[in-house]
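K.L.:
structural data only, the sequence is not supplied:
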């Protein structure tokens, strides 16, 4: 009887989820995409993934060692950054470039701000943006999936933008197109996203408002001029939208913490993607849209603070 | 239509801070608090709009007419300095707190290369009167926007464990670099080089 009466302070019910568990969950959710990328791009994809992960984990360990901080590579966040970086890189990228991107992702994307939880921008996307600015040709050379030889091709989005060819939606879903390692196969990304939603590792507001905005805007454009603008389904499954909306924009560190703020974040990303894809010089804008909204996140957080219970709006 | 394009180009696509790297001094100096960033942004926008207006008139009705366009630097700098004096007196009377928060950076708008830069761009690109005014105003809005983003980020980073050597100006420069990387996504939307 005495043992049953425990007096303790709140919280009485603790959540089991901690950082390593959530990171592991996201890595599991990405596994179908990893398998698909290895299936389509063979050994190249496998090696690039290994090199990127090794790059991020090593850099994190060295940086923390140099700063005499506890080494936290076991929490899986560096591993996840490396994996995400590899998945947004083109399969024909030389391995050393992938490694360099991984180092920059951790150093200027994450550790320079003080490490996990304090970075402003998504580290994997910083790595890619750095490579994109430094080696633009390497980052826009794509190879055909499913064969061992490196035959260059174009991504569905650039085919549409520059040659006005539309790749069928079925191909986009299955991933039998040119593109970054993990972005081509939309179906496995959606499976991973559903897993994250069921496990509650991801907030549904950002992907919903992000994808919803893209869907609405592209539908409007398509209805106005079907000959000039691509169909909404094409925009939905081509390029990095699924990967970005489900796995990058939902990063809890770099996205707003308020519920209202998350809608704003998603809608902003959606607008930017459609603007860049439709009128920009680049065929794809998912990476830039997320980085730009990352920059706005502190302001969004500041101006969407919810009113306390019983409080009054200022 | 052309006016709208010039405005969008000046605010976002060819942002004066992130694509030309002009006006970095106040950008680093006054971006630590959102309130002072807004004040600085508004003051700079006001000066930029007026500077574009006045210098256009001076360039086309005085310098070109008397065939002395080489005097543009001297005359533009004079105009900008006078405008900044007016703004400074105005802010000092109306909002002493803002005046104190802006500190040395308010008179330093005089030497803000963003303003001289925009007046010279205006001449270089041969804008007409209305286009120049819109261009000046758009550049000011773009400057304010970036200043505001930076202030938000820096307030967020106040409690972050940034390495000692990178605190203050270095981390701000790194963030501006990352922002410039992100703004590269807009390249090619409107081509005005």
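P.N.:
That came through, no problem. All values derive from a computational prediction rather than experimental measurement.
K.L.:
CA only for contacts and neighbour counts going forward, please
P.N.:
Noted.
K.L.:
so which residues on the stretch 101-250 of chain A come close to chain B?
P.N.:
Contact residues (CA under 8 Å from any CA of the partner chain) of the stretch 101-250 of chain A with chain B: A:108, A:112-115, A:118, A:120, A:126, A:129-130, A:133.
K.L.:
next one, pLDDT for residue B:61 please.
P.N.:
Listed pLDDT for residue B:61 reads 91.
K.L.:
circling back to that earlier point, neighbour-wise, which of the residues of the stretch 101-250 of chain A next to chain B leads?
P.N.:
Among those, residue A:126 has the most neighbours (other CA atoms under 10 Å in any protein chain shown), with 27 neighbours.
K.L.:
show me what contacts that one?
P.N.:
Taking CA atoms under 8 Å, 6 or more residues apart in numbering or on different chains, we find residue A:126 in contact with A:104-105, A:108-109, A:291, B:178.
K.L.:
number of residues surrounding residue B:109?
P.N.:
Other residues lying near residue B:109 total 27 when counted by other CA under 10 Å.
K.L.:
now chain B, which segments are flagged as low pLDDT?
P.N.:
B:191-193 (pLDDT under 70).
K.L.:
those residues of it touching chain A, which are they?
P.N.:
B:149, B:152-153, B:156-157, B:160-163, B:166, B:171, B:174, B:178-179, B:181-190.
K.L.:
quick check: the gap between residue A:38 and residue A:124.
P.N.:
20 Å (CA to CA, to the nearest Å).
K.L.:
the more surrounded of these two?
P.N.:
Between residue A:38 and residue A:124, residue A:124 has the larger neighbour count (other CA under 10 Å), namely 29 against 21.
K.L.:
pretty sure the more buried one is touching residue A:78, no?
P.N.:
No: between residue A:124 and residue A:78 there is no contact under CA atoms under 8 Å: 9.5 Å.
K.L.:
now the terminal residues of stretch A:4-12, how far apart.
P.N.:
Terminal residues of stretch A:4-12 are spaced 14 Å apart (CA to CA).
K.L.:
point out where chain A drops to low pLDDT.
P.N.:
In chain A (pLDDT under 70), the answer is A:1-3, A:313-314.
K.L.:
and with 50 instead?
P.N.:
For chain A, applying pLDDT under 50 flags no range at all.
K.L.:
give me the most central residue, it.
P.N.:
The centroid of chain A falls nearest to residue A:248 when counting by CA atoms, centre = their mean (2.4 Å).
K.L.:
check contacts around that one.
P.N.:
A:122, A:290.
K.L.:
distance check, it against residue A:206.
P.N.:
Computed as CA to CA, the residue A:248 to residue A:206 distance reads 10 Å.
K.L.:
residue most distant from the centroid, chain B?
P.N.:
Distance to centre of chain B, CA atoms, centre = their mean, peaks at residue B:161 (30.7 Å).
K.L.:
let me see the ranges of the helices in chain A.
P.N.:
Ranges of helices in chain A, per DSSP state H, are A:19-66, A:77-87, A:95-107, A:123-134, A:156-158, A:169-174, A:186-199, A:205-224, A:232-237, A:241-243, A:259-279, A:286-303.
K.L.:
distance from the chain centre to the fifth one, please.
P.N.:
Put plainly, it is helix A:156-158. 19 Å (CA atoms, centre = their mean, to the nearest Å).
K.L.:
quick check: angle from the biggest helix by length in chain B to helix A:286-303?
P.N.:
Longest helix in chain B by number of residues, with DSSP H as the criterion: helix B:129-156. Angle between the axes of helix B:129-156 and helix A:286-303 is 70 degrees (criterion: axes from the mean of the first three to the mean of the last three CA atoms, to 10 degrees).
K.L.:
which SSE is immediately downstream of helix B:129-156?
P.N.:
helix B:169-183 (DSSP states H and E).
K.L.:
just want the angle from that following helix to helix B:129-156.
P.N.:
Angle of helix B:169-183 versus helix B:129-156, following the same axes, to 10 degrees, is 130 degrees.
K.L.:
show residues contacting helix B:169-183.
P.N.:
Helix B:169-183 has contacts (CA under 8 Å, 6+ apart) with A:108, A:112-113, A:126, A:129-130, A:133, A:288-289, A:291-292, A:295, B:12-13, B:18-19, B:28, B:150, B:154.
K.L.:
can you show me the helices along chain B?
P.N.:
Using DSSP H, the helices found in chain B span residues B:2-8, B:24-29, B:34-58, B:72-94, B:96-102, B:113-124, B:129-156, B:169-183.
K.L.:
I'd like to know how many residues surround the closest residue to residue A:208 other than its chain neighbours.
P.N.:
Spatially, and ignoring its direct neighbours in sequence, residue A:208 is nearest to residue A:266 (7.5 Å; CA to CA, 6 or more residues apart in numbering or on different chains). Counted by other CA under 10 Å, the residues lying close to residue A:266 total 29.
K.L.:
wait, what's in contact with the nearest residue to residue B:71 once chain neighbours are set aside?
P.N.:
With sequence-adjacent residues excluded and distances taken as CA to CA, 6+ apart, residue B:71 is closest to residue B:63, at 7.1 Å. Contacts for residue B:63 (CA under 8 Å, 6+ apart) come out as B:69, B:71-72.
K.L.:
if I pick residue 163, what's in contact with it?
P.N.:
The chain I'm using is chain A. Contact partners of residue A:163, counting by CA under 8 Å, 6+ apart, are absent.
K.L.:
I was after chain B.
P.N.:
A:67, A:112-114.
K.L.:
what is the nearest of those to residue A:219?
P.N.:
residue A:113 (39.7 Å; CA to CA).
K.L.:
the closest one touches residue A:119, doesn't it?
P.N.:
Yes: assessed by CA under 8 Å, residue A:113 is found in contact with residue A:119 at 5.3 Å.
K.L.:
please report the distance of the residue nearest to residue A:208 from residue A:212.
P.N.:
9 Å.
K.L.:
who touches stretch B:111-119?
P.N.:
For stretch B:111-119, contacts defined as CA under 8 Å, 6+ apart pick out B:16-17, B:22-23, B:25-26, B:47-48, B:51-52, B:55-56, B:76-77, B:80, B:109, B:136, B:139.
K.L.:
excluding covalently adjacent residues, which one is nearest to residue A:276?
P.N.:
Spatial nearest neighbour of residue A:276, chain neighbours left out: residue A:285 (5.4 Å); criterion: CA to CA, 6+ apart.
K.L.:
contact partners for residue 24?
P.N.:
Went with chain A since none was named. Residue A:24 neighbours (CA under 8 Å, 6+ apart): residue A:76.
K.L.:
oops, I was thinking of chain B
P.N.:
Counting by CA under 8 Å, 6+ apart, residue B:24 has contacts residue B:17.
K.L.:
mind checking how far it is from residue B:79?
P.N.:
For residue B:24, the distance to residue B:79 - CA to CA - is 21 Å.
K.L.:
surely residue A:171 is in contact with residue A:177?
P.N.:
Yes: checked against CA under 8 Å, the pair residue A:171 and residue A:177 is within contact range at 6.7 Å.
K.L.:
those two: which has the busier surroundings?
P.N.:
Between residue A:171 and residue A:177, residue A:177 has the larger neighbour count (other CA under 10 Å), namely 26 against 16.
K.L.:
my guess is that one meets residue A:155, correct?
P.N.:
Yes: using CA under 8 Å, residue A:177 is in contact with residue A:155, at 6.8 Å.
K.L.:
please identify which of the helices of chain A is closest to residue B:131.
P.N.:
Closest among the helices of chain A, once you apply CA to CA, is helix A:259-279, at 22.1 Å.
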